[in-house]
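**Q** here is a sequence with its predicted model. Questions after.
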Amino acid sequence: MPTKAILFTLLVLAAGTADAQRAAGDRPAPAERAAKQTERLATVLDLSPEQQERVGEINLRFAEDIREARADREAERAAARAELQAANDKRKAEMKAVLTEEQYAKLEALQERRRDRREDGHRRGRRGGDRN
């Protein structure tokens, strides 16, 4: 029995890891995920037909909960991005009102260089550019 529990845990972790590596648009529907997971578990754990049905229901609820949690997380991220953008726009307008045209142009150039360095760092898999 402990061997089956270990195999079950490994299957769940492997499925979660594989799903985490996919792009959000490539995710199968909850019913499809649940069916595949149930099929794997039925084979590995030698489930009875009754167990397969109950495990399938559990897996479907789990897959739907995961999809909902991911959607909620994405909505929260979008709201946070919008809030940050609004704060940044407000800051820019206030800075523009205080600085001369030349000073504001310098500020924008500095910010553009910072964005470029940040993007370069992300392309190399590092945050913050060339810092060592």
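**A** In hand now; what should we look at? Just so it is clear, the model here is predicted, and its values are computed rather than measured.
**Q** for residue 99, which residues are in contact?
**A** When contacts are counted by CB atoms under 8 Å, 6 or more residues apart in numbering, residue 99 touches residue 107. (C-beta placed from N, C-alpha, C; glycine too.)
**Q** pull out the buried positions in stretch 32-48.
**A** For stretch 32-48, a neighbour-count test (16 or more other CB atoms under 10 Å) marks 33, 34, 35, 37, 38, 40, 41, 42, 45, 47 as buried.
**Q** pLDDT of that stretch, averaged?
**A** Taken as a whole, stretch 32-48 has a mean pLDDT of 94.
**Q** same thing with stretch 51-65?
**A** Throughout stretch 51-65, pLDDT has a mean value of 94.
**Q** can you tell me which of the buried residues of stretch 32-48 are in helices?
**A** In helices, defined here by DSSP state H, the members of those are 33, 34, 35, 37, 38, 40, 41, 42, 45.
**Q** tell me the one of these nearest residue 96?
**A** Of all these, residue 96 sits closest to residue 33, with 49.8 Å by CB to CB.
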